[in-house]
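Visitor: Predicted model and sequence below, questions to follow.
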Amino acid sequence: MFRNVILFLSTTVIMSFSPISMALAAPETLTEAVTWLETESHRLIRASKRTMKDGAAAFPPQVGIGYEAFWLRDYAYTLEGSIDSYSDKELLDACKLFVRNIRADGAGVDCVKFDGQPIYKPGFGTLGDNPVADGSQFTVAVAWHTYQKTQNSKFLKDIIDALVKTMNAVPRNPQTGLVHIKDTDWDRCPYGFTDTVRMQGDVLFCSLLYVEAGRRLSDLLNVLNRKDEAIYWKSEAETVAESIRNVFWDSQVGLFRAATIRCREHHIWGSAFAVYLGVADESQSKAIANYFRDHYTQIVQKGQIRHLPANTYWEKSQTARDTYQNGAFWATPTGWFVYTLDLVDPKLADQTVIDLVTDFQKNGACEWVFDEKVKLPNYLASAALPLAGIRTMIEKRSANAS
């Protein structure tokens with residue numbers, strides 16, 4: 001996510017907190033790689049802990065000074081892969097923080113400063129005219145994960161109406177049901193890991209997040225025996241999933257496009273996530289997996305993944321080519337990527353994870369890399385989120401073998 005511009009441009013590989021031993025042997029198996037990644041994810045989460053003004057624990061995206069606030073989506077991503085790194089109290093306090101800062105109109109936050117001030121637009125409120133398009137979906141994600149771990153039904157009852165309200169506030173196209181960014185100069189930022197990309201029209205990734213959030217909201221409503229509402233949100237999620245398959249798919253290339261008006265580039269991350277969520281149908285999933293295998297060396301660097309196909313850049317981006325969200329390689333989507341690649345090349349999927357961990361052992365779990373340039377080591381989502389997709393891949397293999 002885009003932060004202070006000076007910090008973003010000047011950050012170099014200064015490992016102020018990176019006790020990575022150069023003597024570590026690179027993993028030889030997927031199991032060894034996963035074990036190391038689990039340990040590293042837990043270490044980074046605990047090392048990132050800061051204290052909010054009200055005394056609650058906050059877990060910003062990076063260890064040390066850098067991301068000076070508590071970011072919603074990064075936190076949600078650590079829950080995806082490493083929720084056991086948190087105590088129940090930490091989970092409940094964090095969830096309360098994000099839920100109580102849902103705006104009066106239902107908008108979810110981008111982040112909350114350590115003094116408690118909510119920020120609804122990236123760049124500490126400077127990017128876009130309206131709140132970021134993924135805040136509601138990630139608020140539901142945090143609530144869902146918190147309930148899965150704590151099983152605190154009283155807490156769930158207290159927040160459920162706020163979750164419904166924030167989902168109803170997601171900007172959508174009434175014709176397609178998809179999450180929509182107006183074709184004004186800069187209506188709002190899309191998914192936070194592309195918040196410097198000025199998309200317009202229906203947008204893929206936030207729509208995928210809407211499907212996931214709708215399913216999860218349905219789960220939570222069922223817990224509270226609100227059956228009719230649960231059915232409604234499950235149906236909404238599947239309606240949006242169908243629109244995604246129809247609107248964004250490019251059968252000639254075998255990938256989903258990122259948006260419908262501006263920044264229509266083919267989206268590697270979004271295509272992988274669509275397969276991981278089960279939104280892509282069987283033929284689409286196989287086509288995406290084949291694309292990943294056939295273009296592997298162009299879109300993967302040391303287990304980390306480019307947003308877009310090789311030699312492709314966003315139509316309109318705030319950042320230079322081959323940096324950050326516009327051509328660099330990230331670990332964030334690696335779990336979804338290998339889950340997809342496993343459909344056609346399990347051996348290469350395993351090697352991707354091994355390569356990722358080998359690079360982390362040498363350079364740290366960085367936010368992004370490009371050639372020999374590595375930026376922001378000790379980045380939580382890079383270590384934690386891939387674990388979710390990797391574990392799901394392993395579970396699927398086991399189920400298919402039995």
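Guide: Cool, the structure landed.

Visitor: centre of the chain versus stretch 341-352, how much separation?
Guide: 21 Å (C-alpha atoms, centre = their mean, to the nearest Å).

Visitor: hey, C-alpha coordinates of that stretch in CSV?
Guide: Taking C-alpha atoms only, stretch 341-352 is exported to CSV below (Å, rounded to 0.1, in the frame of the first residue of the first chain):
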residue,chain,number,x,y,z
LEU,A,341,0.0,-24.0,-11.0
ASP,A,342,-0.5,-27.3,-9.2
LEU,A,343,-3.3,-28.2,-11.5
VAL,A,344,-0.9,-28.8,-14.3
ASP,A,345,2.6,-28.9,-12.8
PRO,A,346,2.9,-30.0,-9.2
LYS,A,347,6.6,-30.2,-9.3
LEU,A,348,7.0,-26.6,-10.5
ALA,A,349,4.5,-25.5,-7.8
ASP,A,350,6.6,-27.0,-5.1
GLN,A,351,9.8,-25.6,-6.5
THR,A,352,8.2,-22.1,-6.5
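
Visitor: List the buried residues for it?
Guide: Leu341, Asp342, Leu343, Val344, Asp345, Ala349, Asp350, Gln351, Thr352 (16 or more other C-beta atoms under 10 Å). The C-beta positions use only the backbone N, C-alpha and C, and glycine is treated the same way.

Visitor: can you list contacts of that stretch?
Guide: Outside stretch 341-352, the residues that touch it by C-beta atoms under 8 Å, 6 or more residues apart in numbering are 29-30, 275, 285-286, 289-290, 292-293, 296, 300, 303, 334, 337-339, 393, 396-397.

Visitor: Report the buried members of those residues.
Guide: Burial of these was assessed by neighbour count (16+ other C-beta under 10 Å); the buried members are 30, 275, 285-286, 289-290, 292, 300, 303, 334, 337-339, 393.

Visitor: want to try a markdown table for the residues you listed, with pLDDT, distance to Val369 and secondary structure as columns?
Guide: Formatted as a markdown table, the buried ones among the contacts of stretch 341-352 follow (pLDDT from 0 to 100; distance: C-beta to C-beta, whole Å; DSSP: H, G, I helix; E, B strand; the rest coil):
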| residue | pLDDT | distance to Val369 | secondary structure |
| --- | --- | --- | --- |
| Leu30 | 98 | 21 | helix |
| Val275 | 99 | 24 | helix |
| Ser285 | 98 | 27 | helix |
| Lys286 | 98 | 29 | helix |
| Ala289 | 99 | 24 | helix |
| Asn290 | 98 | 25 | helix |
| Phe292 | 99 | 19 | helix |
| Val300 | 98 | 11 | strand |
| Gly303 | 98 | 10 | coil |
| Thr334 | 99 | 12 | helix |
| Phe337 | 99 | 15 | helix |
| Val338 | 99 | 17 | helix |
| Tyr339 | 99 | 21 | helix |
| Met393 | 98 | 23 | helix |
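
Visitor: export those residues to JSON lines and tack on distance to Gly128?
Guide: Converted to JSON lines, the buried ones among the contacts of stretch 341-352 look like this (distance: C-beta to C-beta, whole Å):
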{"residue": "Leu30", "distance to Gly128": "40"}
{"residue": "Val275", "distance to Gly128": "29"}
{"residue": "Ser285", "distance to Gly128": "32"}
{"residue": "Lys286", "distance to Gly128": "36"}
{"residue": "Ala289", "distance to Gly128": "34"}
{"residue": "Asn290", "distance to Gly128": "36"}
{"residue": "Phe292", "distance to Gly128": "31"}
{"residue": "Val300", "distance to Gly128": "31"}
{"residue": "Gly303", "distance to Gly128": "32"}
{"residue": "Thr334", "distance to Gly128": "28"}
{"residue": "Phe337", "distance to Gly128": "28"}
{"residue": "Val338", "distance to Gly128": "32"}
{"residue": "Tyr339", "distance to Gly128": "31"}
{"residue": "Met393", "distance to Gly128": "35"}
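
Visitor: Tell me the one among the residues you listed nearest to Ala384.
Guide: Thr334 (11.2 Å; C-beta to C-beta).

Visitor: The closest one - nearest residue in space that isn't next to it in sequence?
Guide: Pro386 (4.2 Å; C-beta to C-beta, 6 or more residues apart in numbering).

Visitor: and what of Tyr296?
Guide: Leu348 (6.7 Å).

Visitor: With Ala141 instead?
Guide: That would be Ala76: by C-beta to C-beta, 6+ apart, it lies 4.3 Å from Ala141.

Visitor: number of nearby residues for that neighbour?
Guide: Ala76 sits with 24 neighbouring residues when counted by other C-beta atoms under 10 Å.

Visitor: pLDDT of the host helix or strand of it, averaged?
Guide: Assigned by DSSP states H and E, Ala76 belongs to helix 72-82. Mean per-residue pLDDT for helix 72-82: 98.

Visitor: Show me what that helix is packed up against.
Guide: When contacts are defined as 3 or more C-beta pairs under 8 Å, 6 or more residues apart in numbering; DSSP states H and E, helix 72-82 packs onto helix 30-47, helix 88-100, helix 135-150, helix 380-401.

Visitor: tell me the angle that helix makes with helix 380-401.
Guide: 40 degrees (axes from the mean of the first three to the mean of the last three C-alpha atoms, to 10 degrees).

Visitor: Can you list the buried residues in helix 72-82?
Guide: Residues Leu72, Arg73, Asp74, Tyr75, Ala76, Tyr77, Thr78, Leu79, Glu80, Gly81, Ser82 are the ones in helix 72-82 that count as buried (16+ other C-beta under 10 Å).

Visitor: Same question for stretch 24-40.
Guide: Across stretch 24-40, burial judged by 16+ other C-beta under 10 Å covers Pro27, Leu30, Ala33, Val34, Trp36, Leu37, Glu38, Glu40.

Visitor: got a list of contacts for stretch 82-102?
Guide: 38, 41-42, 45-46, 52, 56-59, 70, 72, 75, 78-79, 108-109, 112, 118, 139, 142-143, 145-146, 148-150, 152, 155, 159, 162-163, 165-166, 383-384, 387.

Visitor: Contacts only, for the residue nearest in space to the middle of the chain.
Guide: Among the residues of the chain, the one closest to the centroid is Tyr77, at 5.8 Å (C-alpha atoms, centre = their mean). Contacts for Tyr77 (C-beta under 8 Å, 6+ apart) come out as Thr332, Leu380, Ala381, Ala384, Leu385.
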